[in-house]
Structure formats: C-alpha cells, structure tokens
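Peer 1: I would like to see how this sequence folds:
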Amino acid sequence: MQKLRSWSSEYSHILLISIFILFTELFLIRWISTEIRIFAYVNNLVLLACFVGLGLGSLLDKRFGNLLYSVISIFLLALASTSNHFLNITEQIGSFSDQLIWYLDDQPINWIQPVRGILSTLLLFAFIVAVFIPPGQILARLLSSAKNITLGYSVNIFGSIVGIWLFSTISFLFLPPAVWLALSLILSWKFIQPIKWERTVFFCSSLITVFLLLPHTSSLQIWSPYQKLDMWPAQIRNTNITNGYTINANNVGYQKLIDLSDRFFEKNATPEINSVKHLNQYELPYLIKGEVKDALIVGAGAGNGPAGAIRQGVERIDAVEIDPGIYELGTRYHPESPYDNERVRVHIDDARSFFKKSRQKYDVVSFGLLDAHSTASSFNNIRLDHYVYTEESIQDARKLLKPDGILTLIFAPHGRGWLISRLHNIIEKVFGHSPLVFEVPTVPYSGWGGSMFVVSNDGTDPRLLIEKRPDVKSYISPKIFSAKQESDIRNTTDDWPYLYLVKNRIPKMHLLITFCLLILLVPTRKILTITKKSFDFHFFFLGAGFLLLEFQNISKASLFFGSTWLVNAYMFSAILGLILLANWASYLGLSKHIGIVYCLQWICILALFLLPLDTFRGMGHLFNATVLSTLLNIPVFFAGLIFMHSFARVKDKPLALGSNLLGACVGGLLESASFVVGIKALLLFVLAFYVLAYFSFNRSGLARAPVAQVSIVLSNLCMGPRARLGC
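Peer 2: Residues are numbered from 1 along each chain as shown. From the prediction side, this is the model:
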C-alpha cells in the first residue's frame, strides 16, 4: 500500500506541474500580448520566454525549485502592465519598423526611443523567463526520478493536454485574467514550501496581483477567446444624443455599434445629426449591385453590416463573425438588433473555414473591416486576418458568387498606399480585371471608412452598375482613385500570408529583438559551467525541429479549418495525443530500429514539402478534418518516437530536457525566416534539424544507428511491397 501511495504521488505531481506549466503559459501569452502589444506583433515572444525559462530550470535541476519565485515574477509583470512606460513599448519600437503597426504613421528614425523600447521588452522577457525557471526545475527533477520514464513523460504530455483545454474552457466562458491567475495560483499551491514566511509572501503577492488584474474602468469589459473588449456609450459630438456604442479591442479603437435607421434620424432631426446622414459603407455594396436577394458578409462584427443589408431589403443574409464576444455584444446592445432579424443567419466561424464549407451562391460577397490590429492566436504567430487577404482566399470567395454577383472589400490603409496596392493586385489577378476603388471617408458615428474595392464576377464595369443610381454615382465618382502602383509589391498567398509586411524580408523590429535574445542565451554556458554539464546537441536539434514542425501544422490547420480558438486547441491536443501514441508505440518496442523511424520521418517531411496544398481543395470539410489532419501530423508521430527512444536511454535527463527546450527557442526564432522564404520552406529547416539530430546521437551517449542501415531502409522502401514487409 505504501508503494502504491508513493507511485501515485510521484506521477500525480508530474501531472499537476504539467497542467500548471501549460495553463500558465497560455495565460501569460493571452494576457501579456493583450496589455503590452509588442508581444502580439513580435511572433511567439512570450512562448519563447516560457521555453527559455523551462530550459534554464531543467539545466539548473535541483537548485531553487520553488514556485514562490514564479508567483513573485507574475506580480512584477502585473506591475509592469500598469506602467505607461511599458504600455508604450510598441510606439517606441514601431517608430523605425518596416512592418505596419496600426496608428503609427511613417516617422523619421529616432534611435533613442527604439533602444528604450527594446531594453524594456527584454526586461519583461526576463520576468517571463523567471516565471518558468522553478517549474522547469521541478519537472526535470520529477522526470529524472520517475521509475518508469515512458509513463512519466506520458503523464507530462497528458497534463499538458489538460492544461490546454482548461484554459480554452475558461476562455470560452469569457472569464477575465483575474480568474486565470487564481486558477494558476491554485495549481501552484502544492509546490510552495510549507514555511510560514514563504506562504505569507505567497498570499500577499497573490492578492495584490489579482487586484491589479481586475478591470479598473467604468466601461463594460469582457474577455472573449481572442481579445479584450471594452465597450461604452457613443455620444454624438456637440449633442447630448447617444447613438450606439464604441468597442475597443486590446486597448485599441476597433468598431462601433451604430444606429443608422430612418427611425433614429427622424427622432433626432437636428443639424448635427443630419450632417452624418449619408450613404454609408454598410449599404453601398447593395446600392451598387441593386436587387440583392442573397448576401454574404464576412467580418460581420457587432452587426453594422447585417443592419445595412436589412435596411436595403436583402432577403437572405449570411453573417460570419469569428469572435463570439463581438457577436454577444452585438446581440445584446446593437440599437437596430440585426442579429434578431429572421433574415440573418449567423455563423461563428473563421472566414476561410466558411468559404470552404458553404455551398450557397450569393449576389454580393462583402468583406467587412477584418483587420485584426495586434490580435494574434495564443498558439502561433499568424494573426487572425492574415489568411483572409490572400490570393487563395479571394479565389475561394469568388467561387461563392453568382455569375453576375459582385465582391466588395473595404480596408483602412492609414496612409500605407502599398497595402491598398497589394489588395488591388490580388483582386485583379483573381478576377482577371481591375476592381473599382474609391475612398469612403470616416464620418463620426457613421463608420470607420476606408478604401472600398468593387469587382464583378462577369467582368462588368462597376461604373455601369452605379449609373442606375444618380445619388450613388454622385457620392462615389469624386472619390474614385487608382490603387495600382508601378513598384513591385508581392501578393500575399497561403504560403506567404504576411499582409502587413511591405516585402519578403524580416522586419527590423524582429531582427533587433532576435539579436538581443541570442545574446541573452550566452549565459547558458555559464550555467552549464556551474552545474558541470556539457550541452546536449542531440536534444537541442530535436527541440528546434519539433517546434518548427508544430508551427507548420498549426498554420496549415488555420488554412483548412480556420484560425479559431477551438481549432488551435484541437490541433495542439492532436499533436500531444500523437506524442502519447508514440510513447505507447515506443513502449511496445516499435522504436527499436531507430534508423528506420528517422528514415520514415524524413520521407514524410519531404512528401509534405513536395505535395501542393491545393491537392486537397474541394475535397470537403469532413475529408479535411480526418485525412488531411492525419497526413499533416504523421511526422509528429515519428518525432515522438525519436524523442522517447532517446529520452528513455539518456542518463542526464534534466540536461536533455533543458537542451531540448532551448533548442525549441532557437526553432521559434527561426520561424521568422518564413517572412523571407514562406511557411512551406520551413519544412526544409525541420528536415535539416532532424538529420543533425540523427548524426549527433553519439554525443548523448546513445547508440547511433549506422548509416548503412538507413541506406538499406531507403532502398527497401523504393522496392515492392514484399521488400517493404521483409524490412
């Protein structure tokens, strides 16, 4: 009985610390990236800090393994999130960036501000690293002492899955960061030392941190699965009249809930009110087309677009909105209640996902203002709007048009002419003729405005369509402009979806921060000297290759299933589930011939690189959800087999785990190479890392499979079925 309790306690501790690590990781990614926007613009910076902390903790092993230090570090982060100095980092660094950052116009380079911004970013990075050093130490110590390492590592993976779904669930329930922190503190309690003063410090710092995370604003605030939303009544300037509400997303102006009905203007007939009564961006698509029966609105937001379609008498309206929080606010507070109208069918979905699932044909497909500002997924560096504005996305949207249908797209350029030219070039390439482009001015309490593109499916010049409506013609004609530029502007594609980059190059902001992070990794050698250890390059290469492979899978899943929180949680769970399956296969001895496993993985990676994703277009959503997700993740299964085979045999498991996590950091930094070569080419980096991992077997004290064995495997695989069975 005593042995059973000891066994149960050992693995329950691994489970608990694993849940804490994943839950706290996602908590910090969401919270820090929201409050300090530089962490949303620079891909995976918080995630890399988590990996660095866990890696350093594993290398330090048994030193200072107390989660009290993690709680104190979170407290310091909470203090920083209330300081204007840290909140303004994005503006400081963005002054010289060649990456579009909303509300920052082109400015002359001032090196003092960027240097301050980078130093402040690195300080916050260090705070996040400090959060994860103690759990890294605890996890490494527990795994190294586990009697069955395969079972211990499997419990670790299972705990990670629990952490993902625990955080995803509370995000779906719109619970705020104060609740996230409270759950994280509950998970950490078991690992706080039973010393009176330490527990006193724990309680005091926890209470203060929870207080700092509570909303300190008079506005209505909710945390959707994607972003923080603040809403308050919108008052028309120079009047006491309230017309709807204003919504900020992640502390940035995002959208309004506006009443543009005749009832409102008749009730409030004043000169100031009448000045904003004009043709607006929400009704223009239907006024241009005329006699619209079926309309699709992607980026329907809180309901302004559907309300405009209702006012123009559209019979059937499909409204697609990815954020359930935005939809909830629109349902409860929009003055015209468009989502309660029986003509409107609401789809809480990603635009690309809906394009692939829909079989309806529309007179009008209207893209609302889909720019996501700094909003990024909690799992990868692709913003929610990146895959919406690619050649393939516009092609998918065109397939939903009736033969004489029109597509409209509005986008707010904020002075970036190259961005409007890029959108023009994409639409022109997909449709085979140039769109009509005109400027919709920003009018208070009547819409953000922006550059509107109009293109017909059958090639009809939109100017001919507006001839039937003199009022529409007189409004649009003076605002028409040419969006085409002579300069070479790369079109965004599913392989290079970076809408906010001028060219295919790594932005200066990313380069400088990456360079500084690499310098910060230099002290790792000092830690190894203190602990009298030598770096394990085999596990380092495995970590780098795996994170890049993971990034590939999440990005491709976003293409086929949408960039929703549910898809991300599902894909990460599937990846970790495959690792569990690999652990079980390793336990059964399937990794005995490790050279064959490496060989099969290399073949799968090359196949994914050579196989065009267009192959799966039109196969149906159910097919993609099963067959495609399986194909994408086959290399993950082999990666799990390789890691478990090596990890079970290595003597210094904390060193192996730390090296693996630091390798994942380098892999994360290399994700920025996709800005230059595209996402698909990263598979070649993945292949290179796993080849290096194979040839660095002997440095871990492991028996390396001879190269001759791999050659035999390759030749057998190229032969017939009998030869493969014999192998």
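Peer 1: isn't Arg505 right up against Val676?
Peer 2: Yes. Counting by Cβ atoms under 8 Å, Val676 is a contact partner of Arg505 at 6.0 Å. For the C-beta atoms, the positions are set from N, CA and C on the backbone; glycine is no exception.
Peer 1: I'd like to know which elements the helix or strand harbouring Phe572 is packed against.
Peer 2: For Phe572, the host element (DSSP states H and E) is helix 565-587. Helix 565-587 sits against helix 149-172, helix 537-561, helix 629-649, with contacts defined as 3 or more Cβ pairs under 8 Å, 6 or more residues apart in numbering; DSSP states H and E.
Peer 1: who's in contact with that helix?
Peer 2: 150, 153-154, 157-158, 160-161, 164-165, 168, 171-172, 225-226, 350, 353, 377-380, 550, 553-554, 557-558, 561, 591, 629, 633, 636-641, 643-645, 648 (Cβ atoms under 8 Å, 6 or more residues apart in numbering).
Peer 1: only the buried subset of these, as a PyMOL command please.
Peer 2: The PyMOL command for the buried members of the contacts of helix 565-587 (criterion: 16 or more other Cβ atoms under 10 Å) is given here:
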select buried, resi 153+154+157+158+160+161+164+168+171+225+226+350+353+377+378+379+380+550+553+554+557+558+561+591+629+633+636+637+638+639+640+641+643+644+645+648
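Peer 1: verify the stated contact: Asn457 with Gly405.
Peer 2: Yes. Asn457 lies in contact with Gly405 (Cβ under 8 Å); the separation is 4.9 Å.
Peer 1: these two: which is more packed in?
Peer 2: Remark: of Asn457 and Gly405, Gly405 carries more neighbours, 21 against 18, as counted by other Cβ atoms under 10 Å.
Peer 1: what strands flank the strand or helix carrying the more buried one, and is each parallel or antiparallel?
Peer 2: Using DSSP H and E, Gly405 sits within strand 401-411. If you go by DSSP bridges, strand 401-411 pairs up with strand 362-367 (parallel), strand 450-456 (antiparallel).
Peer 1: also compute the angle for the very next helix or strand once past it relative to strand 362-367, please.
Peer 2: Counting by DSSP H and E, the element after strand 401-411 in chain order, helix or strand, is helix 417-431. Put simply, helix 417-431 runs at 150 degrees to strand 362-367, going by axes from the mean of the first three to the mean of the last three Cα atoms, to 10 degrees.
Peer 1: please begin residue numbering at 59 from this point
Peer 2: I'll keep to 59 as the first residue from here, and by that count the last item is helix 475-489.
Peer 1: follow-up on the earlier one: would you single out the least confident of the helices and strands packed on helix 623-645?
Peer 2: Looking over the helices and strands packed on helix 623-645, mean pLDDT reaches its minimum on helix 595-619, with a mean of 84.
Peer 1: for that one, what is the distance to the chain centroid?
Peer 2: Relative to the centre of its chain, helix 595-619 is centred 14 Å away, using Cα atoms, centre = their mean, to the nearest Å.
Peer 1: and that helix, what does it pack against?
Peer 2: Packed against helix 595-619 by the contact rule (3+ Cβ pairs under 8 Å, 6+ apart) you find helix 409-415, helix 623-645, helix 687-707, helix 711-728, helix 740-753.
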